[in-house]
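Asks: Turn this into a model:
(2 chains)
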Amino acid sequence: MIKTDILIIGAGPVGMFAVFEAGLLKLKCHLIDALPQPGGQCSEIYPKKPIYDIPGFPEVMAGELIDNLAEQIKPFEPGYTLGERAETIEKLEDGTFKVVTNKGTEHYAPAVFIAGGLGSFEPRKPPIPSIADFEDKGVEYIIRDPEIYRDKRVVIAGGGDSALDWSIYLADIASEVSLVHRRKEFRGALDSVEKVEELYNAGKINLITDAEVKEIYGTNHVDSVKIKHKEKGEFLKETDHFIPLFGLSPKLGPIGNWGLEIVKNAIVVNNALDYQTNIPGVFAIGDVNTYPGKLKLILCGFHEATIAVQYAYNIINPGKRYVMKYTTVNGVTGFDGETKKAEAAVVKSIG
Amino acid sequence: MSDVNIKIKDRDGVTHDIQAPTDMAMNVMEVVRAYELAPEGTVGICGGMAMCASCQCYVHSDHELPEMSVDEDLMLAEAFYVEDNSRLGCQIAITPELEGLEIELAPESEV
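Replies: Okay, the predicted model is just below:
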């Protein structure tokens, strides 16, 4: 069971920065994210892409921005529940919220910030008829336990890093690995592509390029797939597992059923005041929210996080007075009591 | 600079006659979003970096389009519902040469 002051759903840049602003008000935060690492889209989709509109940074790589934010919020010791998706929310009698993830982890907090961006990242499913019938019956979109493939035949589809990396990894575990891709070119890291080529030459991976999986067959479990080759036409491939690895795509997901007012896939907030949603105590910041004039920019999300934290303070500490302070004046005091502060000017009299 | 006229068929099969500005460094994906021809969050998810294929469209007219980059080509290699005339809208800049362009949005991929 995890208890905190502000529970932040979504560990992207905006959720991370909320930890900093909350820390200045001595509020502790905990972040939940469906991805296994913090950073949201910046880490998952474009870590190597430069961003040019972060004030004070003429150019910063998305991944670097996340590293910097992690460093910036470190003094405020955020907790993380990673690789889990916030599934349900419940308002308890004492006014606090209970948020439970898909893995059953319970979180309790008097204020909840939804900083979920475009939603939680879910695997993209290829449009193959009957694929849903075989989910967890030989079709897996995410490899959770590679051991289940030991001495089994697997067909992996995709042309990116995860398809390449898992083909390499499973080549030593599975009895047979076939990698199916629509092109001969792969867009993964060069050393992964070379390694796959090496394993292919050594007869450890079947490489089926210019082809795609069109059908899945089996009774209660996958036993074969139909592969369509650009020139050679269709053929049947016997297999125990079919693993489509076509990357991840964001989806609002369970948050959409929390009773929040949603317009155009985004949560409506009161931007004229506090970025609170129609559920008092639940705030939405960053790309996940909408209001008149909304811009989906990281820099706008930073502003929203800062404002929302001030109002969350009032919920968490009712009646307790506070005025905003400047970090230039007071420095930053971490939860371990250590203060980062400008050195005092040396006063020395002359003569 | 003047606008160009573009026909865009949305995912419900409705065709829209759009005037797209040529002087705002826009691309087809951005035009779709600016005119709200698909729900927010279903087009241009990666922001236009040829990294998600959510803006995939079918080009029905025979306009000469910018050459496909390696990034776009390999993204389409992993996208779904791809046809010979598939392009990523984010990679097609709005220029005067696109006058009369006719495109159709590809279906949204299921997650």
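Asks: Quick check: nearest residue in space to residue 18, chain neighbours excluded?
Replies: Went with chain A since none was named. residue A:305 (3.9 Å; CB to CB, 6 or more residues apart in numbering or on different chains). To be clear about C-beta, it is placed using only N, CA and C from the backbone, and glycine gets the same treatment.
Asks: Switch to chain B, please.
Replies: The shortest distance from residue B:18 to any non-neighbouring residue, by CB to CB, 6+ apart, is to residue B:6 (4.8 Å).
Asks: Please, where are all the helices along the chain?
Replies: Just so you know, I chose chain A. Counting by DSSP state H, one finds helices in chain A at the ranges A:13-24, A:40-44, A:62-73, A:161-170, A:190-201, A:298-316, A:327-330.
Asks: other chain: chain B
Replies: Secondary structure of chain B (DSSP H): helices at B:28-34, B:70-76.
Asks: re earlier: need the helices of chain A in TSV (columns: mean pLDDT and mean neighbour count).
Replies: Converted to TSV, these look like this (pLDDT from 0 to 100; neighbours: other CB atoms under 10 Å in any protein chain shown):
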stretch	mean pLDDT	mean neighbour count
helix A:13-24	98	27
helix A:40-44	91	24
helix A:62-73	98	18
helix A:161-170	95	21
helix A:190-201	95	15
helix A:298-316	97	20
helix A:327-330	89	10
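Asks: With respect to residue A:248, which of the ones you listed lies nearest?
Replies: Smallest distance to residue A:248 across the helices of chain A (CB to CB): 6.6 Å, for helix A:40-44.
Asks: any residues touching the closest one, and which ones?
Replies: Identification of contacts with helix A:40-44 by CB atoms under 8 Å, 6 or more residues apart in numbering or on different chains yields A:10-13, A:15, A:33, A:35, A:37, A:62-63, A:65-66, A:117-118, A:121, A:248, A:250, B:46.
Asks: Which helix or strand in chain B has the lowest average pLDDT?
Replies: Least confident helix or strand of chain B, by mean pLDDT, DSSP states H and E, is helix B:70-76 with a mean of 91.
Asks: how much space between residue A:300 and residue B:102?
Replies: Taking CB to CB, to the nearest Å as the measure, residue A:300 falls 35 Å from residue B:102.
Asks: oh, I was asking about residue B:14
Replies: According to CB to CB, residue B:14 and residue B:102 sit 14 Å apart.
Asks: again with residue B:15
Replies: From residue B:15 to residue B:102 the distance is 8 Å (CB to CB).
Asks: which neighbours do these two share?
Replies: With CB under 8 Å, 6+ apart as the test, residue B:15 and residue B:102 both reach B:7, B:9.
Asks: ok, how many other residues are close to the closest residue to residue B:106 other than its chain neighbours?
Replies: Among residues not flanking residue B:106 along the chain, residue B:56 sits closest, at 3.9 Å (CB to CB, 6+ apart). A count of nearby residues for residue B:56, using other CB atoms under 10 Å in any protein chain shown, gives 25.
Asks: Residue B:56 bridge partners, please.
Replies: residue B:88 (DSSP bridges).
Asks: Outline the domain layout of chain A.
Replies: Following automatic domain parsing, chain A resolves into domains at A:2-121+A:249-340, A:125-246.
Asks: what residues does chain B put near chain A?
Replies: Listed as neighbours of chain A in chain B under the rule CB under 8 Å from any CB of the partner chain: B:39-42, B:45-47, B:49, B:51-52, B:54, B:71, B:73-75, B:77-78, B:80-82, B:107, B:109-111.
Asks: So the residue nearest to residue A:18 sits against residue A:14, correct?
Replies: Yes - the criterion here is CB atoms under 8 Å, and residue A:305 meets it with residue A:14 at 5.5 Å.
Asks: mind listing what residue B:65 touches?
Replies: Counting by CB under 8 Å, 6+ apart, the residues that residue B:65 touches are B:59, B:87, B:92.
Asks: just checking, the second one touches residue B:69?
Replies: No - between residue B:87 and residue B:69 no contact is recorded; they are 10.9 Å apart, counting by CB under 8 Å.
Asks: coming back round to it: adding distance to residue B:29, write the helices of chain A out as CSV.
Replies: Listed next are the helices of chain A as CSV, based on distance: least, CB to CB, whole Å:
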stretch, distance to residue B:29
helix A:13-24, 23
helix A:40-44, 16
helix A:62-73, 19
helix A:161-170, 24
helix A:190-201, 28
helix A:298-316, 20
helix A:327-330, 39
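Asks: Pull the number of nearby residues for whichever residue of the stretch 201-350 of chain A sits closest to chain B.
Replies: Per CB to the nearest CB, residue A:265 is where the stretch 201-350 of chain A lies closest to chain B, at 3.8 Å. Neighbours of residue A:265 under the rule other CB under 10 Å: 17.
Asks: quick one: it from residue B:38, how far?
Replies: For residue A:265 relative to residue B:38 (CB to CB), the value is 11 Å.
Asks: Also residue B:54?
Replies: Taken as CB to CB, the span from residue B:54 to residue B:38 is 9 Å.
Asks: Now do the shared contacts for these two.
Replies: residue B:108.
Asks: Of the two, give the one with the bigger neighbour count.
Replies: Between residue B:54 and residue B:38, counted using other CB under 10 Å, residue B:54 has the larger neighbour count: 24 against 20.
Asks: burial of residue 100, as a residue count?
Replies: Using chain A here. Other residues close to residue A:100 by other CB under 10 Å number 15.
Asks: I was after chain B.
Replies: Neighbour tally, residue B:100, other CB under 10 Å: 11.
Asks: Then residue A:252?
Replies: Residue A:252: 19 neighbours (other CB under 10 Å).
Asks: Hmm, it is touching residue A:263, no?
Replies: No - between residue A:252 and residue A:263 there is no contact under CB under 8 Å: 11.8 Å.
Asks: So for residue B:98, what's the nearest residue that isn't a sequence neighbour?
Replies: residue B:4 (5.1 Å).
Asks: From chain A, how far out is the one you found?
Replies: For residue B:4, the distance to chain A (CB to the nearest CB, to the nearest Å) stands at 26 Å.
Asks: List, one by one, the residues from the stretch 101-250 of chain A near chain B.
Replies: Looking at chain B, the residues of the stretch 101-250 of chain A close enough under CB under 8 Å from any CB are A:118-119, A:122-127, A:158-160, A:181-183, A:185-187, A:246-247, A:249-250.
Asks: quick one: the strands in the stretch 251-351 of chain A?
Replies: Listed in chain order, the strands of the stretch 251-351 of chain A (DSSP state E, counting those that start in this stretch) span A:262-263, A:266-268, A:282-284, A:289-290, A:332-333, A:339-340.
Asks: Sheet partners, orientation included, of the first one?
Replies: Right, strand A:262-263. Applying DSSP bridges, one finds strand A:262-263 paired with strand A:266-268 (antiparallel).
Asks: Just give me how far the strand it pairs with sits from the chain centre.
Replies: Relative to its chain's centre, strand A:266-268 lies at 19 Å (CA atoms, centre = their mean, to the nearest Å).
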